[in-house]
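> Any chance you could fold what I've pasted below:
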Amino acid sequence: LGIKDQFTAEVAAVAIQLSGQCDPQVAANAARITAEMSREEAAFSATLSKGQKLLNEMLARAQAAGASNGNSAPVLPGADAFLLYDSFGFPMELTQELAEAVGVEVDLPGFEAAMAAQRARSSSSREAVDLTAAGGGLGQLAEQLAAGSEFVGHDDVSLQLDECQVVGLLVAGQPVQELSEQGAAVDVVLDRTPFYAESGGQVADTGYLSSSSSTELQVTDVQKGAGGRLFVHKAVLQQGSLRVGQELSARVDQSLRRRIRCHHTATHLLQSALKSVLGPDTCQQGSLVEANRLRFDFNLNRPMTSDEISRVESLVNGWVASASPTLTTVMGLDEARAAGATAMFGEKYDDVVRVVEVPGVSMELCGGTHVSNTSEIGAFKIVSESGVASGVRRIEAVCGQAAVEYMQGLDAVVKQLAANLRVKPEDLPSRVSALQDELKSTGKLLAEVKAQVAVAKAAALASQAVTAPDGVSRVLVSELSGLDPKALQEAALSLLDQLGDRAVVLLASKGDGDKVSFVAAVSQQVVSAGLQAGKLVGAVAKVCGGGGGGKPGLAQAGGKDATKLPQALATAVDIINATLKA
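Here you go, the predicted structure:
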């Protein structure tokens, strides 16, 4: 196409302009959309450049392999083509075109095999169960129950509900009429339920189902089925028997429900606070609401500052302290949008929606459970802020009783540290700073002592130097035990000074486990003769499964297999002798 500069943002701007009549939300998010597209295009271009470099290397290897095989045409392995496609975004057609330009064929069957293997790995790594598939137990049940399940559990009054009729039972996905095996797992569908089913980022309620005839089941999860029409209670029969048509009493765990709804309302307040601090185009990219925490993903292409996090916390806690009522209204989708209700960008909604509002603070489309007054949240504390994807940040926070538990844990840590350091909690920062200064000073002193020890050990080695084949250069290749890389470098430089203007020193020292360190020091006259420290030490470290390099006169490297140190030192001698010939 002849396009060299970034262009997707310009194309997006035209598309946004054309979409104004069908979805005003697109235009409202225009700045964010074009900015994200520009960032993604820049990131893709950088990845493509890396892939181009790798492709050139692969093509060079293929040409070399073809040349070594006589008349056979060079072939790019399918695994290599797949790596370019999977990791660097190279379309197969582009790889073929570039390969053809230099006379290399692409192994298409090998590429397809690698692609098939990837699909198989992807398929086996996820559990995809279609509960409403044709012929499935829940699908059959959905056909029989046109009305579905009625959810009546938004308020506290209905969290204990009698006369809930069992309209369906499934064991291992298959319909049954009754069940009496104690400890058996069963899916229970009721005509009406106070249990919230997992949706909208909020986890499901838990609790119990029971009857006057001593039947009792523990509900561990609730999921929606049949397109959301059925509420499927994942339960375990603990006592008695169960049958279709039986009436049960449903009891939601109210303690967990209170904690969950505190976190859900706090999530709404958090989004409003982020919009206030970071800008109105900040919007939700995902969320999770649990009894012990909330997680909120939002668009931002940088980490939040400490000041921004503090301001968000203060805003939310201010709204909590204001004891504002939480208002819930059911209205048409167009009416809700006209009223200013926030919706998840790109999310699909029914024609009639539930709007949750904290007057003057937040108004969102939401089917979840919420506090009736913000004061019920109690307290709000951000635990962490981190990046989860390109242009997406994540906040994890706690509120209510979970916030109290979190602060109690921090308080216990602070008190323990204060006791260990024998200071008051408020004096901990200054005490830690003083300890850091002491540690830094001690570290410097220790480094000086190590350097002195290294030089002393080096002095004893100087007499072991030998003359190179050129008859003038002095060479010393040896192991010095007990030295870290920095001390080893000091020792090598000291020896180089002692051995004169034409000298080569290579020292090695074993570290923790199987690790080994190498240092090579080469005088300028020897460098001029063709021996460079970087190349020497890199080749020697490779023998021990490592690598490294540096300047021509001084270089360091590391190895992973100390058992091969004798071979590595012998390799160093061979390289030096081969370079410094007579």
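
> Of all the helices and strands in the protein, which has the lowest average confidence?
For the chain, counting by mean pLDDT, DSSP states H and E, helix 24-28 ranks last in confidence among helices and strands (a mean of 71).

> And the helices in the stretch 251-400 of the chain?
254-278, 306-321, 333-338 (DSSP state H, counting those that start in this stretch).

> next one: the last one to chain centre, how far?
Averaging C-alpha coordinates over helix 333-338 and over its chain gives two centres that are 36 Å apart (Cα atoms, centre = their mean, to the nearest Å).

> Any chance you could list what contacts it?
Outside helix 333-338, the residues that touch it by Cβ atoms under 8 Å, 6 or more residues apart in numbering are 343, 349-353, 355, 365. For the C-beta atoms, the positions are set from N, CA and C on the backbone; glycine is no exception.

> gap between Ser122 and Lys381?
38 Å (Cβ to Cβ, to the nearest Å).

> Compare the two and say which is more crowded by neighbours.
Lys381 (17 against 9; other Cβ atoms under 10 Å).

> give me phi/psi at Glu405?
Glu405 adopts backbone torsions of phi -60, psi -40, taken as degrees, to the nearest 10.

> For it, the count of nearby residues, please.
Other residues close to Glu405 by other Cβ under 10 Å number 11.

> Same check on Asp411?
Neighbour count for Asp411, taken as other Cβ under 10 Å: 11.

> Show me what the lengthiest strand in the chain is packed against.
The longest strand of the chain (DSSP state E) is strand 160-171. The elements that strand 160-171 packs onto, with contact taken as 3 or more Cβ pairs under 8 Å, 6 or more residues apart in numbering; DSSP states H and E, are helix 137-144, strand 174-176, strand 178-179, strand 185-190, strand 192-193, strand 242-243, strand 247-252.

> What is the distance between the last one and the centre of its chain?
Put plainly, it is strand 247-252. Worked out by Cα atoms, centre = their mean, strand 247-252 lies 40 Å from the chain centre.

> Report the buried residues of that strand.
For strand 247-252, burial by neighbour count (16 or more other Cβ atoms under 10 Å) applies to 248-252.

> and what of the longest one?
Neighbour-count burial for helix 137-144, with 16+ other Cβ under 10 Å as criterion, is recorded at 137-138, 140-142.

> Repeat that for the fourth one.
Across strand 185-190, burial judged by 16+ other Cβ under 10 Å covers 186-190.

> For burial, what's the neighbour tally of Asp437?
10.

> Can we start the residue count at 3 from this point?
Got it, the first residue is 3 from now on, which makes the last one we talked about Asp439.

> Against which helices or strands is the helix or strand that it is a member of packed?
Following DSSP states H and E, one finds Asp439 within helix 430-463. Packing partners of helix 430-463 (3+ Cβ pairs under 8 Å, 6+ apart): helix 403-423, helix 487-501.

> what is the rounded mean pLDDT of it?
What helix 430-463 shows for mean pLDDT is 87.

> what's the distance between that helix and the middle of its chain?
Offset of helix 430-463 from its chain centre (Cα atoms, centre = their mean): 37 Å.

> Next, the angle from it to helix 403-423.
Orientation check (axes from the mean of the first three to the mean of the last three Cα atoms, to 10 degrees): helix 430-463 against helix 403-423 gives 50 degrees.

> Where does the residue sitting furthest away from the middle of the chain sit: helix, strand or coil?
Distance to the chain centre peaks in the chain at Gly473, reaching 59.5 Å (criterion: Cα atoms, centre = their mean). Following DSSP: H, G, I helix; E, B strand; the rest coil, we place Gly473 in the coil state.

> Could you check the pLDDT of it?
The predicted local confidence for Gly473 is 89.

> Quick check: phi and psi on it?
Given degrees, to the nearest 10, the pair of backbone angles that Gly473 has is phi 90, psi -10.

> And for Ala510?
phi -130, psi 150.

> cool, Gly209 as well?
According to degrees, to the nearest 10, Gly209 has phi 160, psi -140.

> okay, now it: neighbour count?
Counted with other Cβ under 10 Å, Gly209 comes out at 23.
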